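Enquirer: With the sequence up front, the predicted model follows.
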Amino acid sequence: MTVDVQATRDVVDIITGGWRAQALYTAVRLGLPDHVAAGRDNDAELAKATGASEGGVHRLMRLLVAMEVFTGSDATGYRGTRMSAALVDGPRSLRDMCLLYGEEFYSAWDHAHHAISTESSGFEIAYGRPFYDYLGEAPATARRFRRTMNAASMFFHRVPAVFDFAGKKVVDVGGGGGQLLATVLTAAPTATGTLFDREHMTAKAREHLEAAVGPGRVQVVGGDMFAGVPEGGDVYILCRVLAGHDDEDVVRVFEHCRRGMTDASARLLILDRFVEDENPTVLPALWDLHLLMTTGGEHRTVERITRLLARAGLSVERTAHLPMETTALVALPRTAQRQRPGRAGT
């Protein structure tokens, strides 16, 4: 029997993926990207700065160089790469994402067999309570999660390129800290905005939005999207807020957005990852399983979202691709589709 060497190598690469992830997590936990950026370029200096064993640092750095997180060696001096630069502590750093995924989320994935077998949250098994309840009790983790969500917003700058917000009243439903709405309003100076989210999110959002775009163009409203949304918007945005909720709740949110549209030219803009059952790609499929591990949620197919929109009186007008395998899905009221077919409102 001939051994398929490439298949063996491919399997080994997959089953050792967790080791690589934990190596990167350990590097970030030790602050190695920051130390190398500060000029500490050998094992002895890094060990002294981190309090770790020099031998352990040497072995970790050897792997990180092989993974192209760093270049060089102890003998020639370690140097940073674009990957390590993304992990240096700062406003847009992936540092908190690496820590969160290496600690709490890694523990959730430790219960993958149970989560997949029962289609329930692995996080609840690991921590004894739902993820969002845990965040309410663990402020340090909640801050890390918020920073992770902010750092994962690398597609926000492309949103104004796929939808024309000029002169529009923009309602960002479940808008979180306000980064997306600030991006939209900065790109469209004639637009005005409303951020709508739960009360505990509004203080930080107001602070950020007033600093980014000024108080005259934006208001922040507290509330529950399952109970209703502000009326009179020209475009309603739902960005990464649907995956943790069941179909009936999602339809309810769509219905509230539809009722809020007082003009036939209004649109609903959904920004999310969508899975595909035929010819799937890795990142959306991974994130779908990750939602199961953490919250018990899921990503949907475009076809499934289309059916849920139809139940709320909305139809898909068009879609557009964004970075990190994110999709922008534009929906319009069915009455508008009958009155004015085509690419209205874009």
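Expert: Yep, it's here.
Enquirer: In the one helix or strand residue 57 maps to, which residues are buried?
Expert: Applying DSSP states H and E as the criterion places residue 57 in helix 54-66. Residues 54, 57-58, 60-61, 63-65 are the ones in helix 54-66 that count as buried (16 or more other Cβ atoms under 10 Å). Glycine gets a C-beta too; all of them are placed from N, C-alpha and C.
Enquirer: Need those residues in TSV (columns: distance to residue 81 and pLDDT).
Expert: Converted to TSV, the buried residues of helix 54-66 look like this (distance: Cβ to Cβ, whole Å; pLDDT from 0 to 100):
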residue	distance to residue 81	pLDDT
54	22	98
57	18	98
58	18	98
60	16	98
61	13	98
63	14	98
64	10	98
65	9	98
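Enquirer: Relative to residue 203, which of these is nearest.
Expert: residue 64 (38.9 Å; Cβ to Cβ).
Enquirer: got a list of what the closest residue to that closest one other than its chain neighbours touches?
Expert: Excluding its sequence neighbours, the residue lying closest to residue 64 (Cβ to Cβ, 6 or more residues apart in numbering) is residue 70, at 5.2 Å. By Cβ atoms under 8 Å, 6 or more residues apart in numbering, residue 70 lies in contact with 32, 36, 61, 64, 78-81, 84.
Enquirer: Can you show me the CA trace of stretch 243-263 as PDB?
Expert: The C-alpha trace of stretch 243-263 is given here as PDB (Å, rounded to 0.1, in the frame of the first residue of the first chain):
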ATOM      1  CA  ALA A 243     -26.000  35.000  14.600                       C
ATOM      2  CA  GLY A 244     -26.700  34.500  18.200                       C
ATOM      3  CA  HIS A 245     -30.500  34.500  17.800                       C
ATOM      4  CA  ASP A 246     -33.000  32.000  16.500                       C
ATOM      5  CA  ASP A 247     -35.000  32.500  13.300                       C
ATOM      6  CA  GLU A 248     -38.200  33.800  15.100                       C
ATOM      7  CA  ASP A 249     -36.200  36.500  16.800                       C
ATOM      8  CA  VAL A 250     -34.400  37.500  13.600                       C
ATOM      9  CA  VAL A 251     -37.700  37.800  11.800                       C
ATOM     10  CA  ARG A 252     -39.000  40.000  14.600                       C
ATOM     11  CA  VAL A 253     -36.000  42.400  14.200                       C
ATOM     12  CA  PHE A 254     -36.500  42.400  10.400                       C
ATOM     13  CA  GLU A 255     -40.200  43.300  11.000                       C
ATOM     14  CA  HIS A 256     -39.300  46.200  13.300                       C
ATOM     15  CA  CYS A 257     -36.900  47.500  10.700                       C
ATOM     16  CA  ARG A 258     -39.500  47.200   8.000                       C
ATOM     17  CA  ARG A 259     -42.100  49.100  10.100                       C
ATOM     18  CA  GLY A 260     -39.500  51.800  10.800                       C
ATOM     19  CA  MET A 261     -39.100  52.500   7.000                       C
ATOM     20  CA  THR A 262     -41.500  55.300   6.400                       C
ATOM     21  CA  ASP A 263     -40.400  55.800   2.800                       C
END
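Enquirer: Who are the packing partners of the helix holding residue 57?
Expert: On a contact count with 3 or more Cβ pairs under 8 Å, 6 or more residues apart in numbering; DSSP states H and E, helix 54-66 meets helix 17-30, helix 32-37, helix 43-50, strand 70-71.
Enquirer: re the thing from before, and the contacts of residue 70 as a markdown table, adding distance to residue 294?
Expert: As requested, the contacts of residue 70 are exported to a markdown table (distance: Cβ to Cβ, whole Å):
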| residue | distance to residue 294 |
| --- | --- |
| 32 | 27 |
| 36 | 31 |
| 61 | 31 |
| 64 | 27 |
| 78 | 34 |
| 79 | 35 |
| 80 | 31 |
| 81 | 29 |
| 84 | 27 |
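Enquirer: From what I see, residue 308 and residue 247 are in contact.
Expert: Yes: using Cβ atoms under 8 Å, residue 308 is in contact with residue 247, at 6.0 Å.
Enquirer: higher neighbour count, those two?
Expert: More crowded of residue 308 and residue 247, by other Cβ atoms under 10 Å: residue 308, with 17 against 14.
Enquirer: Next up, phi/psi of the more buried one, please.
Expert: Backbone geometry at residue 308, expressed as degrees, to the nearest 10, gives phi -70, psi -40.
Enquirer: distance of it from residue 196?
Expert: Counting by Cβ to Cβ, to the nearest Å, the gap from residue 308 to residue 196 is 20 Å.
Enquirer: Also residue 69?
Expert: Distance from residue 69 to residue 196, by Cβ to Cβ: 40 Å.
Enquirer: now residue 39
Expert: Taking Cβ to Cβ, one finds residue 39 at 46 Å from residue 196.
Enquirer: One more: residue 107?
Expert: From residue 107 across to residue 196, the span is 33 Å (Cβ to Cβ).
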